[in-house]
Structures are given as structure tokens and as C-alpha cells.
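> How does the following fold in three dimensions:
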Amino acid sequence: ATSKYFEAQGTWKALLIGCNYYGSAAELRNSITDVEKMRKLLISEGFDPLHITVMTDDLNGYLRPTKPHVLRACQQLSQGVR
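Sure thing, here's the model as predicted:
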């Protein structure tokens, strides 16, 4: 991947997490939107979409950002690092 902002060589990977905390006293409005915008920016700068993992609290399954899911995603993120 190439970018005018990043000089690192090799495979770039990203883990983007957005939590709006729906229905709680700490509810946020733009976290998920920010993650979506960051994903688009990364792709426009050369990231392979297959190497971007997005976790948001409006999803179910392994992409919901619970502690075990985030830890597993971090482990996957570091696989193949030299």
C-alpha cells in the first residue's frame, strides 16, 4: 500500500471500534459515523478493505465490541507481524 501520509512498508491493518452506547446515560451520537468515515479515509489512502476490521455496538456476533471480541480482534491484528 502507498500513501502520501504513511511511509511504512508491508501489510497495513486497522481495527476501528465505535460505541454509541445506545440507551445508556452515556449515549453518544457520532462514534459509529466516525468509524465509517475513518474506514473510507483509510481505503482512500491505500488500505486494503479486507485488512480493516470494524466493530460497532449496533452489530451482533463477533463484530460487536465486547471485551472478548476486541481481544480476539487484537490478536488477529498482530498475526503475521515481523
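
> those helices in the chain, which residues are they?
Per DSSP state H, the chain carries helices over the ranges 31-44, 67-78.

> Tabulate those helices (CSV), appending mean pLDDT.
CSV is the format used below for those (pLDDT from 0 to 100):
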stretch, mean pLDDT
helix 31-44, 95
helix 67-78, 92
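
> Buried deepest among those, which one?
Ranked by mean neighbour count under mean count of other CB atoms under 10 Å, these are led by helix 31-44, which reaches a mean of 15. C-beta coordinates here come from the backbone N, C-alpha and C atoms, glycine included.

> Alpha carbons only: can I get that one in PDB?
Output in PDB follows, covering the C-alpha atoms of helix 31-44 (Å, rounded to 0.1, in the frame of the first residue of the first chain):
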ATOM      1  CA  SER A  31     -18.900   7.300  17.200                       C
ATOM      2  CA  ILE A  32     -20.200   4.800  14.600                       C
ATOM      3  CA  THR A  33     -20.300   7.600  12.000                       C
ATOM      4  CA  ASP A  34     -16.700   8.500  12.800                       C
ATOM      5  CA  VAL A  35     -15.600   4.900  12.400                       C
ATOM      6  CA  GLU A  36     -17.300   4.700   9.000                       C
ATOM      7  CA  LYS A  37     -15.600   7.900   7.900                       C
ATOM      8  CA  MET A  38     -12.200   6.700   9.100                       C
ATOM      9  CA  ARG A  39     -12.700   3.400   7.200                       C
ATOM     10  CA  LYS A  40     -13.400   5.400   4.000                       C
ATOM     11  CA  LEU A  41     -10.300   7.600   4.600                       C
ATOM     12  CA  LEU A  42      -8.000   4.600   5.200                       C
ATOM     13  CA  ILE A  43      -9.200   3.000   2.000                       C
ATOM     14  CA  SER A  44      -8.700   6.200   0.000                       C
END
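
> Include distance to residue 10 when you put the helices of the chain into JSON lines, please.
As requested, those are exported to JSON lines (distance: least, CB to CB, whole Å):
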{"stretch": "helix 31-44", "distance to residue 10": "15"}
{"stretch": "helix 67-78", "distance to residue 10": "13"}
